[in-house]
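Chemist: after the sequence you'll find the predicted model.
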There are 2 protein chains.
Amino acid sequence: MAENDESEIIEHHDDEEMEKRRTPRNHSHSFLESVSSPEKDGHSSTQSSHRLLAYSDALISIIATVMILPVAHTKFQDNEELKQSIQALLTTKVAVYLMTFLIVTVAWAAHIRLFQVIERIDDNLALLNLFSLMATFPNYILGILLFCACVMVIGLIQCLIVLYGFSRPFLLNDQIQMSENQAYYKQHILKVIMKVPIMCLFASIFSVIFFQLSYVILAIVIFLPYISGCLKWIRNKAIGGQVEDSPDSVLFYTYQLSEPLSKERVEAFSDGVYAIVATLLILDICEDNVPDPSVVKKEFNNSLVTALQQYGPEYLAYFGSFATVGLLWFVHHSLFLHVIKANRLMGLFNTFSLAFVGGLPLAYQLTHEFPRGSRNELEAVQISCVIIFFAGLFQLAMWVVALFTERETLHPYVRYGGREHTFMLAKLSLYPCVALGTFFLTCILSRFSAPIFHIMEIGVPFAFLLLRLLVRVALALLRWLFCSARNDLDNVPVVEEDSQLPIIDVVT
Amino acid sequence: MAENDESEIIEHHDDEEMEKRRTPRNHSHSFLESVSSPEKDGHSSTQSSHRLLAYSDALISIIATVMILPVAHTKFQDNEELKQSIQALLTTKVAVYLMTFLIVTVAWAAHIRLFQVIERIDDNLALLNLFSLMATFPNYILGILLFCACVMVIGLIQCLIVLYGFSRPFLLNDQIQMSENQAYYKQHILKVIMKVPIMCLFASIFSVIFFQLSYVILAIVIFLPYISGCLKWIRNKAIGGQVEDSPDSVLFYTYQLSEPLSKERVEAFSDGVYAIVATLLILDICEDNVPDPSVVKKEFNNSLVTALQQYGPEYLAYFGSFATVGLLWFVHHSLFLHVIKANRLMGLFNTFSLAFVGGLPLAYQLTHEFPRGSRNELEAVQISCVIIFFAGLFQLAMWVVALFTERETLHPYVRYGGREHTFMLAKLSLYPCVALGTFFLTCILSRFSAPIFHIMEIGVPFAFLLLRLLVRVALALLRWLFCSARNDLDNVPVVEEDSQLPIIDVVT
């Protein structure tokens, strides 16, 4: 009976807690609430949505990236010119890959917005979310019609989620819970959600009549937020600032596609892409380059070591590509340590960078497929360099954008420059520089293109390990040059720069 | 210049913060510290390790699961009996899959322990961790020798990580930072880490001399914590309780393999496995079951719809399998909502459950590969039922273990039973029951095995949607039966049970 009494006390306590939570006054400690939520409303069936979102991010990122497979698994004929095959590829498969990657990213961004409105979930919402993920089924290779059907199904399920959320207001965002005109929000959110499915409906109609137009419409879907942003800006400039007609502009804006994405979900999505790209490399090497026991017996006199020597270059290519993926993730990780929120442009650059990272399995396939020293091999290596170059360059672009909008996107402590900025810049520019260098080096020493490329891929990790040292040496060198040039004038600026960085020297 | 002043003030403030953090007295607000850490030591190069661990979890889970591919991609001959092929498979590939899955899980558990000691990371540690992930390269299909070499490389890198961590003590766990005999901890941790690589060294030596023994050693590696636990228990019983010789038993215990795993990393690992299994299903359907444009033109008179009708059963199997994976994740998610920590036995059951979930791509491949109504198809469906049954059963076993050790593993509010317990039990037992039912139904109606299986797979999501209702009806039915039986005696217990659940009725 003692246990029973205790349970009753706890329930009464819970009741009180519930009462407090229902009254929409205490939104100041929303952070603590989200941390300790399982304790509070464990008896009820609502849950914090954190793990559901992480799983959705993982799945969506994998679905976006997996589309590289039909590209990577295209078999090239040894005798035909790579340039021509690549051009043939570019017109179809690579374009489809890039387009679907971008569209899935748009769908993911919509998913973020949706769960910014719905902050708590219950079982039914979790199930609905799973259904919407199931419809993200990559049917897009089957034709534009089926793809549009999937997008419309997802849109419908998302509408269901919104309707369900508004029928149980305690699941919603605190701000909307407090607001008096929930009906207005509901309508507005439904309108935003239905934009993309309606575009897809048009695209599917046009796919029957006029094929090319439907692709144009899909391209519009990708850049919709940017286009509508431009239109609004033009309208504001033309008419003046009287178009703001929302009742509660702060929240209203939060649901707009122009708002910063939450850092955690961008990280989770990017992690998913990097992890699946690493996996695709593993899959490639597992499926194609593992000697069969029978083959080992027949060709290599039952000696596994001889067989593995045969496969040596493949393993080198594998380790190189895996290291590249890992280090690009590392750079991304370093970058996002300093970021609070990713704004719209950073999100776009991140997507582009990830799309090129998704091309790395293709680079891996290309670099070890062709006979040694052939013209095709040279071109394959150069394409790989281009892929790595752009993957790194868009990361650098993200950092530049972040620096330009630092008040909104960066941690306060990053804003004061110093040696850490130089170091960050060095980290970010290492891959673009090395890829560019390798590209031109292979142009000159075209016979040794593959060895150069592999040495580059395997050498870069060590460059990263030594980077801090290298940057320090480079800075010292610069300062020395600077001093010797201006020695006669004055050396105040150098001293000032030094005085900014005592803490780094203390720590490292 | 105003900005400069501001920066200096902030740096002084940071200096103070740093000083405070160095003195090991303030370990009471370690949670807040871990939340706000980027703000505090942003100028230094240390970072909170959260994202690194999430990425490691994703990659390790994917590597563990990917081993199902060689099993799933085995081509079965239509004319040979499935039973015999499966037996041939079982002796080699399935055994290798299960063993490597379990070993990778052990490696992952070791990774958890390692980063329980090292709580903060800097760039060099992040790079070392990436290298250790790179060596998790699934060479195990290439032979036991190469696999052992990889394990030893991982062990060496982990030792490097520990040595690096102890050379920079501010990266370590607060408890170890405070302790006076760090050297002892270092030795102890290195000893624990080196256990598995040394076992693998022996295994690789024996693989040359006596092949079977090396597999036995690898099996010992998997169950090492359980074996050493048993030995310790026996020794304690035999000699008495005087063997506890560690200087600080609380912390010492934390690094033991018998300690509960952190909930977050178990969730992250499980999410990774579920996501990659869903992806493998997508890969399968993308690679094999998408009609080629040329085939569509030739065989189906250029009509995509006709071609898709041909592939109908595959899509049905895909949706069914995808729904099964999603819902098993959903059950896992519901289960872990109530869990604080996963103890050793729960971790083992979780691993087993995940290993069976990893078998779902095989189930998918099997169920749509054979001709309709053949004996092989029946057996394929039954194997799929067995896989789903065990995946669900081990989840149920986890819950049972959690209930038995509820003080350690469950949230306090779960301990008082009530209708939520019934509901949880219903959720957990739905898949085992349905799989068992389908198994016996296909025994009777063997001609319709595949349709029954697909209807089951597609019907279960709706069962989950209606589950709350079903449970309520079942409870009411039970109560009614109970009442009518005891109507004459008394009905106090029924009323008492009712009085426990007012809050649920208020909320739902």
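Modeler: Done, it's in. Note that the structure is a prediction, hence the values are computed from the model and not measured.

Chemist: and the residue of the stretch 101-250 of chain A at minimum distance from chain B, what element?
Modeler: Residue nearest to chain B within the stretch 101-250 of chain A: A:Leu130 (4.3 Å; C-beta to the nearest C-beta). To be clear about C-beta, it is placed using only N, CA and C from the backbone, and glycine gets the same treatment. Secondary structure assignment for A:Leu130, by DSSP states H and E: helix A:123-134.

Chemist: how about the helix or strand immediately after that helix in the chain: buried residues?
Modeler: Sequence-wise, the next helix or strand downstream of helix A:123-134 (DSSP H and E) is helix A:144-167. By neighbour count with 16 or more other C-beta atoms under 10 Å in any protein chain shown, helix A:144-167 contains the buried residues A:144-155, A:157-159, A:161-162, A:164-166.

Chemist: can you list the domain ranges for chain A.
Modeler: A:47-238, A:263-481 (the TED database).

Chemist: how many other residues sit next to A:Leu261?
Modeler: Under the neighbour criterion other C-beta atoms under 10 Å in any protein chain shown, A:Leu261 is assigned a count of 21.

Chemist: quick one: the nearest residue to it once chain neighbours are set aside from chain B, how far?
Modeler: Excluding the flanking residues, the one nearest A:Leu261 by C-beta to C-beta, 6 or more residues apart in numbering or on different chains is A:Ala342, at 4.9 Å. Distance, A:Ala342 to chain B, using C-beta to the nearest C-beta, to the nearest Å: 14 Å.

Chemist: what about the helices in the stretch 151-300 of chain A?
Modeler: Using DSSP state H, counting those that start in this stretch, the helices of the stretch 151-300 of chain A run over A:174-178, A:182-209, A:211-222, A:224-239, A:249-255, A:263-288, A:293-299.

Chemist: nope, the stretch 301-450 of chain A is what I was after
Modeler: A:304-310, A:312-337, A:344-357, A:360-367, A:375-404, A:406-409, A:419-444, A:449-465.

Chemist: those: which one's closest to chain B?
Modeler: helix A:312-337 (4.2 Å).

Chemist: in the closest one, what counts as buried?
Modeler: So helix A:312-337, judged by 16+ other C-beta under 10 Å, has buried residues A:313-314, A:316-337.

Chemist: what does A:Ile121 show for phi and psi?
Modeler: Reported as degrees, to the nearest 10, the phi and psi values for A:Ile121 are phi -130, psi 160.

Chemist: tally of neighbours for the residue nearest to it when sequence neighbours are not counted?
Modeler: When the adjacent residues along the chain are set aside, A:Ile121 lies closest to A:Ser49, with 4.6 Å between them (C-beta to C-beta, 6+ apart). Number of residues near A:Ser49 (other C-beta under 10 Å) recorded here: 21.

Chemist: could you do A:Val221 as well?
Modeler: Neighbours around A:Val221, by other C-beta under 10 Å: 21.

Chemist: quick one, what contacts it?
Modeler: A:Val221 is in contact with A:103, A:106, A:196, A:199-200, A:203, counting by C-beta atoms under 8 Å, 6 or more residues apart in numbering or on different chains.

Chemist: 10 Å instead?
Modeler: A:99, A:102-103, A:106-107, A:151, A:195-197, A:199-200, A:202-203, A:227 (C-beta atoms under 10 Å, 6 or more residues apart in numbering or on different chains).

Chemist: same thing with A:Glu406?
Modeler: A:Glu406 neighbours (C-beta under 10 Å, 6+ apart): A:338-340, A:412, A:414-415.

Chemist: ok, of these, which come out buried?
Modeler: Buried among the contacts of A:Glu406 by 16+ other C-beta under 10 Å: A:338-340, A:414-415.

Chemist: give the buried residues for stretch A:431-448.
Modeler: Applying 16+ other C-beta under 10 Å to stretch A:431-448 flags A:431-432, A:434-436, A:438-439, A:441-442, A:446 as buried.

Chemist: could you list which of those also contact chain B?
Modeler: Among the buried residues of stretch A:431-448, none lies close to chain B by the criterion of C-beta under 10 Å from any C-beta of the partner chain.

Chemist: so which of the residues you listed is the closest to B:Phe223?
Modeler: A:Tyr431 (43.4 Å; C-beta to C-beta).

Chemist: the closest one against A:His332, yeah?
Modeler: No - A:Tyr431 lies out of contact with A:His332 (C-beta atoms under 10 Å); the separation is 11.0 Å.

Chemist: joint contacts of those two?
Modeler: A:391, A:395.

Chemist: dump the helices of the stretch 151-300 of chain A to CSV, plus mean pLDDT.
Modeler: Below are these laid out as CSV (pLDDT from 0 to 100):
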stretch, mean pLDDT
helix A:174-178, 73
helix A:182-209, 79
helix A:211-222, 75
helix A:224-239, 78
helix A:249-255, 42
helix A:263-288, 80
helix A:293-299, 62
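
Chemist: which one of those is the most hemmed in?
Modeler: helix A:263-288 (a mean of 23; mean count of other C-beta atoms under 10 Å in any protein chain shown).

Chemist: relative to helix A:344-357, how tilted is that helix?
Modeler: Following axes from the mean of the first three to the mean of the last three C-alpha atoms, to 10 degrees, one obtains 10 degrees for the angle between helix A:263-288 and helix A:344-357.

Chemist: out of the contacts of A:Glu406, who's near chain B?
Modeler: Answer for the contacts of A:Glu406 near chain B (C-beta under 10 Å from any C-beta): A:338-340, A:412, A:414-415.

Chemist: out of those, which comes closest to A:Tyr185?
Modeler: Using C-beta to C-beta, these come closest to A:Tyr185 at A:Ile340, 25.8 Å.

Chemist: look up how far A:Gly155 lies from whatever residue of the stretch 151-300 of chain A ends up closest to chain B.
Modeler: The nearest approach of the stretch 151-300 of chain A to chain B comes at A:Ala275, 4.1 Å away (C-beta to the nearest C-beta). Between A:Ala275 and A:Gly155 the computed distance is 28 Å (C-beta to C-beta, to the nearest Å).

Chemist: cool, and A:Ile227?
Modeler: For A:Ile227, the distance to A:Gly155 - C-beta to C-beta - is 19 Å.

Chemist: please apply the same query to A:Gly392.
Modeler: Distance from A:Gly392 to A:Gly155, by C-beta to C-beta: 35 Å.

Chemist: before we move on, back to that, in CSV, list the contacts of A:Val221 along with distance to B:Trp399.
Modeler: Shown next, in CSV, are those (distance: C-beta to C-beta, whole Å):
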residue, distance to B:Trp399
A:Met99, 44
A:Leu102, 42
A:Ile103, 40
A:Val106, 39
A:Ala107, 34
A:Val151, 38
A:Lys195, 43
A:Val196, 40
A:Pro197, 39
A:Met199, 45
A:Cys200, 42
A:Phe202, 49
A:Ala203, 47
A:Ile227, 51
